[in-house]
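**Q** here you go, sequence then predicted model.
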Amino acid sequence: MLKLNNVYFSYHNDTPREIQVLRGVSLSLGKGEYISLVGNNGSGKSTLAKVISGLLKPTEGTVTWSSKENGCLKPSLRKRVGLILQNPDNQIVSGIVEEDVAFGLENLEIPPVEIKRKVEDTLRSLHLWDKKDYPTHLLSGGEKQKLAIASIVVMEPECLILDEATVLLDYRSKEQVLETIRFLKKTKGITIVQITSCIDEVIPSERVILLDKGKVCYDGHISPFLRDSEVMGLIGFDLPAYAAISQELIGMGFIKEICYTREELADKLLWEYQYRN
C-alpha cells in the first residue's frame, strides 16, 4: 500500500541549525495492518508519522503510494492518510458534533445529500449519533478523541495514524478510543499505525516498529518483540501485567508458559485445570 525507501529527514536542512531526525528509514505498510510504532522521546516517531501522512517532505529518499512515487504526497493522495494528534481540541474545528464531521467533506465540494449520508453513517458506526447536536466542548475526553477520529474516517482514508492519541485520556476514555480503532480495522480494513509508549496498547497490535535515533531497530511480529528483553529494554518497557502474573503462576506450578494477554492467560489456566481434572 505505502512504502518508504531510505528516507532521511532533517529540520533546518542545510543550515548551521540542522537536526537530522530520520536516518535511512525503509519500511512498508500493508492494507489492514495493525502496527505499533514505538521508541524513546526524540527517536523520530512523530516526524515519521508526518512524513507518512504527507505533511513533511523527506530530505532524501522516496515515499511510494500504490505505485505512485512522491517526495511528498500530493493532496489527492494525502487524504488517504489520516493523522490523529494527542489533544483532540487541536483538531475540532466546529462547535457542533455533526458540523465538525461534515467540515472536511464540505471543503471537497461533495453534494449536501452525500455529505449528510456519510456523516450519519460515520457517527452511527462510532456510536456518536446520539451526540450529533451536542456542543463539542461538552464532550468527554474520550468522546472528543472519537469525534476527531470520526472527522478523519468520514473522508475514507486507507491508513489512520494515531500519535499518542490516548496519552491525555483517563482509563475509560482510553478504552473507548482503542475499541474504536479495533472496530475500524475489523469493519473497514483501515491500516492502523499507533504511536504509543504504553506496553498494554502495543499488545493487541500485529506488528511492532521500533525507532531508535531515527533508525528502524526492530520491525516484526508482536510475539518476538514481547519476548526480546533487550529490544524491550531499549525503550524502557517492562513486562506486560499479564506476563508478570503468569510468571508468578509458573513459579507456583499452575502453568508452564508465559502469557502476554488476559485471553491467553485465561485459556492457559482453563486448559491446565481441565487437563489436571
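**A** Thanks, I have it. Numbering: from 1, shown residues only.

**Q** was I right to think Gln247 contacts Ile258?
**A** Yes - under the criterion of C-beta atoms under 8 Å, Gln247 makes contact with Ile258 at 6.1 Å. Quick note: C-beta positions are derived from backbone N, CA and C, even for glycine.

**Q** of the two, who's got more company?
**A** Neighbours around Gln247 and Ile258, counted as other C-beta atoms under 10 Å, are more numerous at Ile258. The numbers are 20 against 14.

**Q** just want the most central residue of this protein.
**A** Nearest to the geometric centre of the chain sits Gln194, at 1.9 Å (C-alpha atoms, centre = their mean).

**Q** right, and the helix or strand after the helix or strand where it lies?
**A** Per DSSP states H and E, Gln194 falls inside strand 191-195. Sequence-wise, the next helix or strand downstream of strand 191-195 (DSSP H and E) is helix 199-202.

**Q** the helix or strand that that following helix is followed by - what's its average pLDDT?
**A** As assigned by DSSP H and E, the chain's next helix or strand after helix 199-202 is strand 207-212. Per-residue pLDDT over strand 207-212 has a mean of 94.

**Q** helices or strands next to the following helix or strand past strand 207-212 in the packing?
**A** Following strand 207-212 in sequence order, the next helix or strand is strand 215-221 (DSSP H and E). Using 3 or more C-beta pairs under 8 Å, 6 or more residues apart in numbering; DSSP states H and E, the elements in contact with strand 215-221 are strand 19-29, strand 207-212, helix 229-234.

**Q** restrict strand 215-221 to CA atoms and write it as PDB.
**A** Taking C-alpha atoms only, strand 215-221 is exported to PDB below (Å, rounded to 0.1, in the frame of the first residue of the first chain):
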ATOM      1  CA  LYS A 215      16.700   4.300  12.600                       C
ATOM      2  CA  VAL A 216      14.400   1.200  12.500                       C
ATOM      3  CA  CYS A 217      15.900  -1.200  15.100                       C
ATOM      4  CA  TYR A 218      13.000  -3.700  15.100                       C
ATOM      5  CA  ASP A 219      10.300  -4.400  12.600                       C
ATOM      6  CA  GLY A 220       8.400  -7.600  13.100                       C
ATOM      7  CA  HIS A 221       5.600  -9.600  14.800                       C
END
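
**Q** contact partners of the helix or strand following that strand?
**A** Per DSSP H and E, strand 215-221 leads on to helix 222-227 as the next helix or strand towards the C-terminus. With contact meaning C-beta atoms under 8 Å, 6 or more residues apart in numbering, helix 222-227 is reached by 36, 202-203, 205-208, 210, 218, 231-232, 240, 243, 260.
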